[in-house]
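J.: okay, sequence plus prediction incoming.
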Amino acid sequence: MLEDKPYPAMLKSILSVCSRAIFTKPIIDRALEPETLYEASKGIVKNIKIIPDVKEAIDYAVRTASKNEVICITGSLYVVGEAKAAFSNLTFNHI
């Protein structure tokens, strides 16, 4: 998320339906640090992991998700761009 957004309210809305969260950071100066998101989310979801690199965060999510879990990637368009690139290079042999 970008630092100029109402991230506490956004996190509450998004994370209230999640069993876990992985916080990452796109390559842009306005992005919030994952640690800031972590602090704002501790009371909402218990299972939180910080992986600063978007590609590594996506790889971890895919590797650790069960067959019945859904992976939802949220954030800015900067995250979407990096996620799209990561998925284009990801192999799904381990699922």
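T.: Alright, I've got the coordinates.

J.: strands of the protein, start to end?
T.: In the chain, the segments counted as strands under DSSP state E are 20-23, 47-50.

J.: a markdown table please, covering the ones you listed and showing distance to P34 and mean neighbour count.
T.: Every C-beta, even on glycine, is put in place using the N, C-alpha and C of the backbone. Output for the strands of the chain, formatted as a markdown table (distance: least, CB to CB, whole Å; neighbours: other CB atoms under 10 Å):
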| stretch | distance to P34 | mean neighbour count |
| --- | --- | --- |
| strand 20-23 | 4 | 19 |
| strand 47-50 | 4 | 14 |
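
J.: and those: which comes nearest K12?
T.: Between K12 and these, the shortest gap by CB to CB is with strand 20-23, which sits at 12.0 Å.

J.: ok so, going back, in CSV: the strands of the chain, plus distance to I58 and mean pLDDT.
T.: Shown next, in CSV, are the strands of the chain (distance: least, CB to CB, whole Å; pLDDT from 0 to 100):
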stretch, distance to I58, mean pLDDT
strand 20-23, 9, 96
strand 47-50, 12, 96
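
J.: tell me which of those sits nearest to I73.
T.: strand 20-23 (9.3 Å).

J.: what packs against that closest one?
T.: Where contact means 3 or more CB pairs under 8 Å, 6 or more residues apart in numbering; DSSP states H and E, strand 20-23 is packed against helix 34-41, strand 47-50, helix 54-64.

J.: out of the strands of the chain, flag the one nearest E69.
T.: Nearest of those (CB to CB): strand 20-23, 8.8 Å.

J.: go ahead and name everything in contact with the closest one.
T.: With contact meaning CB atoms under 8 Å, 6 or more residues apart in numbering, strand 20-23 is reached by 15, 34-35, 37-38, 41, 45, 47-51, 57, 60-61.

J.: hmm, try it at 10 Å
T.: 1, 11, 14-15, 32-38, 40-41, 44-52, 56-58, 60-61, 64-65, 69, 71-75 (CB atoms under 10 Å, 6 or more residues apart in numbering).

J.: next: stretch 2-10.
T.: Outside of stretch 2-10, the residues within contact range by CB under 10 Å, 6+ apart are 1, 14, 26, 28-33, 36-37, 39-41, 44, 74-79.
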